[in-house]
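K.L.:
sequence and predicted model, in that order:
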Amino acid sequence: MRSLLAAFIFLCLGFFSFSQDTLANQASLDTVKVHSPKKAVIYSAILPGAGQVYNHLAMPKGQKKAAWKVPLIYAGLGTMTYFLISNQKTQLSLRKEYEYRLDGLVVDPKWALYDDGAIDILYNQYLNWRDLSILGLGAVYFIQIVDAGIEAHFVKFDISEDLSLAIEPAYFGRNTAGLNLRFNFR
């Protein structure tokens, strides 16, 4: 009985003597930088392209490939804004022209070749194009936010040459054959 009590005390003291220091663990956790996909999405929502730059800065040195999208984002937003403004101005001009024609006032020489029906058709066409420009602007904005979030998940993704998949024939017993899949991650 005494030896059992001595063994129990020895085991209990052994558990307490091999504990780890919490300060050493905190120091190692503080040096690891965590990349947040949520932060990338918020940055892109506030300023288009900022999430891509945030992802670019967090990527390892050999694979910085995120910042090239920023000029494309602003080109898309600028193009959609240009078409939005252009279609809005033309639509307003056609509406004024139609109202002038209904009141019997002077016709704008820009639209003199068109009759009242053609002015109405052009007005509706530019109205639809303006609405499509608004949808395009929203689509470019939404896609760049989604792109920043997806890319943030792959910032630390390993694309080294050491990754491989091997498919080999396998023998599993007397009369059983199959395939053996082997993944190498490093």
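P.N.:
Received the coordinates, thanks. Because the structure is predicted, anything quoted here is derived from the model rather than measured.
K.L.:
can we go C-alpha only for contacts and neighbour counts from here?
P.N.:
Fine.
K.L.:
helices or strands up against the longest helix seen in the chain?
P.N.:
The helix that spans the most residues within the chain, counting by DSSP state H, is helix 116-153. If you count contacts as 3 or more Cα pairs under 8 Å, 6 or more residues apart in numbering; DSSP states H and E, helix 116-153 packs onto helix 37-46, helix 50-58, helix 69-103.
K.L.:
who are the contact partners of the residue nearest the centre of the chain?
P.N.:
Most central in the chain under Cα atoms, centre = their mean is Asp147, positioned 1.8 Å from the mean C-alpha point. By Cα atoms under 8 Å, 6 or more residues apart in numbering, the contact set of Asp147 is Gln52.
K.L.:
and stretch 103-122, what's buried?
P.N.:
119, 122 (16 or more other Cα atoms under 10 Å).
K.L.:
how long is it from one end to the other?
P.N.:
19 Å (Cα to Cα, to the nearest Å).
K.L.:
other residues contacting it?
P.N.:
So stretch 103-122 is contacted by 94, 97-98, 100-101 (Cα under 8 Å, 6+ apart).
K.L.:
residues touching Leu84, list them.
P.N.:
Contact analysis of Leu84 by Cα under 8 Å, 6+ apart lists 129-131, 133-134.
K.L.:
now tabulate those in JSON lines and tack on distance to Lys61.
P.N.:
Shown next, in JSON lines, are the contacts of Leu84 (distance: Cα to Cα, whole Å):
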{"residue": "Trp129", "distance to Lys61": "44"}
{"residue": "Arg130", "distance to Lys61": "43"}
{"residue": "Asp131", "distance to Lys61": "43"}
{"residue": "Ser133", "distance to Lys61": "38"}
{"residue": "Ile134", "distance to Lys61": "38"}
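K.L.:
narrow those to those that are buried.
P.N.:
Buried, going by 16+ other Cα under 10 Å: 129-130, 133-134, out of these.
K.L.:
Ala50 contacts His56, doesn't it?
P.N.:
No - counting by Cα atoms under 8 Å, Ala50 stays clear of His56, with 9.7 Å between them.
K.L.:
least trustworthy helix or strand in this structure by mean pLDDT?
P.N.:
Least confident helix or strand, the chain: helix 22-31 with a mean of 53, by mean pLDDT, DSSP states H and E.
K.L.:
coming back round to it: what's the closest of the helices and strands packed on helix 116-153 to Asn175?
P.N.:
helix 37-46 (50.6 Å; Cα to Cα).
K.L.:
follow-up on the earlier one: out of the helices and strands packed on helix 116-153, flag the one nearest Ser164.
P.N.:
Nearest to Ser164 among the helices and strands packed on helix 116-153 is helix 50-58; the distance by Cα to Cα comes to 25.4 Å.
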